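A.B. asks: The following block contains a protein sequence and its predicted model.
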There are 2 protein chains.
Amino acid sequence: MMKKFINNPDNITAELLEGMCMAYSQKVTLDGKLVCRANPKSEDKVAIVTLGGTGHEPALQGWVGDGMIDVCAAGDVWAAPGPPTLLSALEKVNRDAGILLVTLNHAGDVMSAKMAKQMASMKGIKVNEILTTEEIRPTEEEEGRGLGGCFFIYKICGAAAEQGKSLEEITALAEKINSQMATIAVLSELATHPSTGGVCGTLGDDEMEICAGQHGEGGGVVMPMATSKETAELLAGKIITKLGLTEGDEIVLCIGGSGKTTVMEQLIAYRDAAKFFESKGIKAVRGLAEEILTVQEAGGYQMMALKVDDELKTLWDAPCNTPYYTVG
Amino acid sequence: MMKKFINNPDNITAELLEGMCMAYSQKVTLDGKLVCRANPKSEDKVAIVTLGGTGHEPALQGWVGDGMIDVCAAGDVWAAPGPPTLLSALEKVNRDAGILLVTLNHAGDVMSAKMAKQMASMKGIKVNEILTTEEIRPTEEEEGRGLGGCFFIYKICGAAAEQGKSLEEITALAEKINSQMATIAVLSELATHPSTGGVCGTLGDDEMEICAGQHGEGGGVVMPMATSKETAELLAGKIITKLGLTEGDEIVLCIGGSGKTTVMEQLIAYRDAAKFFESKGIKAVRGLAEEILTVQEAGGYQMMALKVDDELKTLWDAPCNTPYYTVG
């Protein structure tokens, strides 16, 4: 039995977006299915636009605001918005300075982005796209999906846009981040779709799945449930390999809880991972342990790391003011 | 079966505190079981000290930092710290300007605070205490416990302390806040103690409990599981009665998820509550919908409201910089 505090299951997305723009009315405002900055950025600066399904709060709408995303186009729960919704987001911030469109690599989002870009191009709207593909898969041959690492792009490219960098510079920065970041997910309990009550995937009581993606789509590696330390070291080791991290490297390390997993566990996982990186001479110079991209009440977390240099660190530390992430 | 990412159950508190001070090392630092500001406040300003068990993250340690708490004394999971731990916190920030000690009304915390204050007094440490009692109970005769409303005190008294207000002024402010705030909790799923695996309370699959306190101690009112709107209106109505709110009043409204309940649901609850208050002429001028004081993977949320005037609004909006709450 699904026990959630909702009303009509068909109205979940509309109601949660309305709630976000009511609670954080000084930061965000709602225009249909677009969550927009309450205080729009000046038109001579590059705009950051993104798209994605709801049901992953605080992602993605929760990071709209000064210094991060300008407009986020919302789909339904776990579903991409249609091309017309995304096109309306691009039209809303159309400007000579151009738009960086951040698309997470999931089939529906990729298709909507492709069609909306074509339509925008016909209207003379200047859009560059970054496709985030930072997920670590079980084999190197498989293409990574876009998980919570998008947060690094929003934060850092958002800060660069505030500083007045050009679209070409910001696009290059986004590509650099995508090539220097990695996310790996571990799943310990399954999520239910809040509208249908359907459960994604299967998982035994004594099992967990790594490389599990977002929703429990499968394709990961199922193994016996492990301690925090064993799990964190396994995931961190795969990040080191993927990014080719070596002694002296610095990273931003984020542990993003998937829903049911507590902040307490996220903090312990952060500790265990940071100590493991440190044992390899890799320093977590900045960190977060909090819900970033959730999947309803799923258990587990995403471990995200970005290899940073002084430029990226400075932009990471720059001010931002959004409902779910603020730097003063 | 309890499925959590932990290591030795006896080390949970030490490991989570270490993780917090590693992830947010620019904001907080660890001294035994004391979480302290990384950048201590100047000694001519009043210090804010609090105490409480862990297992409620982000509460309470997560709000140590500029503009909120100076030192938080941690107990074990769901357990008050002993008087010596709290005394060491008071000694750490001993100053002529004085200390405001914020104690949540739970038997263990109250006793530790009482003994630590006596010992501090003998050492000439100047301490005023505020006991938070804002919980709405099933009957008016029952004394309220201290729930997530402590957040209002930390934020607003912390801002007043930064502005250089005196201990007498800040104590009066804390008393004003305690008399103008109310919290009511709804519980839909039970929490397990992360060290013992023990479950607090009982609750049927189709039931929820209001006035449920923090841990599922019982003493609330069990009723059939309801929609978001029905639940939010029931809770908001009780807040209106408790605070005697009338048309034209302004409140800060916070929906703090208990653990398993998603940000999605918290946002819908915020919407439903804010609209209900609005229908009575009461305006939620500021808001939050996020995890504030959790109880492991419990389902449900705490609805907190503070009646505000211009003074309280200004202090609410003042800057702060802590691991889990930042105002720029």
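C.D. replies: Looks like it came in fine.

A.B. asks: Neighbouring strands of the strand or helix carrying A:N128 in the sheet, and parallel or not?
C.D. replies: Here A:N128 sits within strand A:127-132, counting by DSSP states H and E. Paired neighbours of strand A:127-132 in the sheet (DSSP bridges): strand A:99-104 (parallel).

A.B. asks: my read: A:K3 touches B:E207, true?
C.D. replies: No - in this structure, A:K3 is not within contact of B:E207 by C-beta atoms under 8 Å, at 9.3 Å. (C-beta placed from N, C-alpha, C; glycine too.)

A.B. asks: okay, those two: which has more neighbours?
C.D. replies: Using other C-beta atoms under 10 Å in any protein chain shown as the criterion, A:K3 and B:E207 rank with A:K3 on top: 18 against 14.

A.B. asks: Kindly list the main-chain dihedrals of the residue nearest to that one when sequence neighbours are not counted?
C.D. replies: Among residues not flanking A:K3 along the chain, B:S188 sits closest, at 5.3 Å (C-beta to C-beta, 6 or more residues apart in numbering or on different chains). The phi and psi values for B:S188, taken as degrees, to the nearest 10, are phi -120, psi -20.

A.B. asks: same thing with A:M20?
C.D. replies: According to degrees, to the nearest 10, A:M20 has phi -60, psi -40.

A.B. asks: what about it, neighbour count?
C.D. replies: The burial count for A:M20: 31, using other C-beta under 10 Å.

A.B. asks: A:A318 too?
C.D. replies: A:A318 has 16 nearby residues by other C-beta under 10 Å.

A.B. asks: nearest residue to it other than its sequence neighbours?
C.D. replies: Of all residues not flanking A:A318 in the chain, A:A159 sits nearest, at 3.8 Å (C-beta to C-beta, 6+ apart).

A.B. asks: For the one you found, pull up the helix or strand it's in.
C.D. replies: helix A:150-162.

A.B. asks: got the contact list for A:A226?
C.D. replies: A:208, A:234 (C-beta atoms under 8 Å, 6 or more residues apart in numbering or on different chains).

A.B. asks: Which residue ranges make up the domains of chain A?
C.D. replies: As given by automatic domain parsing, the domain ranges for chain A are A:9-179, A:181-317.

A.B. asks: where's A:I12 relative to chain B, distance?
C.D. replies: A:I12 sits 7 Å away from chain B, going by C-beta to the nearest C-beta, to the nearest Å.

A.B. asks: wait, isn't that residue in contact with A:T196?
C.D. replies: No - counting by C-beta under 8 Å, A:I12 sits too far from A:T196 to count as a contact (10.8 Å).

A.B. asks: More neighbours: which of the two?
C.D. replies: Per other C-beta under 10 Å, whichever of A:I12 and A:T196 has more neighbours is A:I12, with 24 against 10.

A.B. asks: wait, what's in contact with the more buried one?
C.D. replies: Contacts of A:I12 by C-beta under 8 Å, 6+ apart are A:6, A:54-55, A:76-77, A:194-195, B:264, B:268.

A.B. asks: could you redo the last one with a cut-off of 6 Å?
C.D. replies: By C-beta atoms under 6 Å, 6 or more residues apart in numbering or on different chains, the residues touching A:I12 are A:6, A:77, A:194-195.

A.B. asks: so where's the stretch 51-200 of chain A uncertain?
C.D. replies: Applying pLDDT under 70 to the stretch 51-200 of chain A picks out no residues at all.

A.B. asks: Near the closest residue to chain B within it, how many residues? Count them for me, please.
C.D. replies: Closest contact between the stretch 51-200 of chain A and chain B, by C-beta to the nearest C-beta, is at A:E57 (3.6 Å). A:E57 has 27 neighbours, counted by other C-beta under 10 Å.

A.B. asks: Skip the chain neighbours and tell me the closest residue to it.
C.D. replies: Closest residue to A:E57 in three dimensions, ignoring its sequence neighbours and counting by C-beta to C-beta, 6+ apart: B:V263, at 3.6 Å.

A.B. asks: I'd like the distance between the one you found and A:S188.
C.D. replies: B:V263 sits 19 Å away from A:S188, taking C-beta to C-beta, to the nearest Å as the criterion.

A.B. asks: Ok, A:T139 next?
C.D. replies: From A:T139 to A:S188 the distance is 23 Å (C-beta to C-beta).

A.B. asks: who has more neighbours, those two?
C.D. replies: Neighbours were counted for A:T139 and for A:S188 using other C-beta under 10 Å; A:S188 has more, 23 against 6.

A.B. asks: quick one: contacts for the more buried one?
C.D. replies: A:208, A:299-300, B:3.

A.B. asks: Mind exporting the C-alpha coordinates of the strand holding A:N128 to PDB?
C.D. replies: C-alpha atoms of strand A:127-132 as PDB (Å, rounded to 0.1, in the frame of the first residue of the first chain):
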ATOM      1  CA  VAL A 127      21.000  27.700 -27.900                       C
ATOM      2  CA  ASN A 128      24.000  25.600 -27.100                       C
ATOM      3  CA  GLU A 129      23.300  22.200 -25.400                       C
ATOM      4  CA  ILE A 130      25.300  20.200 -22.900                       C
ATOM      5  CA  LEU A 131      24.300  16.600 -22.500                       C
ATOM      6  CA  THR A 132      25.300  15.200 -19.100                       C
END
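
A.B. asks: which bits of chain A sit near chain B?
C.D. replies: Taking C-beta under 6 Å from any C-beta of the partner chain as the criterion, chain A approaches chain B at residues A:1, A:3-7, A:15-16, A:18-20, A:22-23, A:57-58, A:188, A:205, A:227-229, A:231, A:260, A:262-265, A:267-271, A:274, A:287, A:289, A:296-297, A:319, A:321, A:326, A:328.

A.B. asks: show me where chain A has helices.
C.D. replies: Assigned by DSSP state H, chain A shows helices spanning A:12-23, A:83-92, A:107-122, A:150-162, A:167-180, A:228-243, A:263-279, A:310-317.

A.B. asks: Of all the ones you listed, which one is nearest B:A97?
C.D. replies: helix A:310-317 (31.0 Å; C-beta to C-beta).

A.B. asks: Thank you, goodbye.
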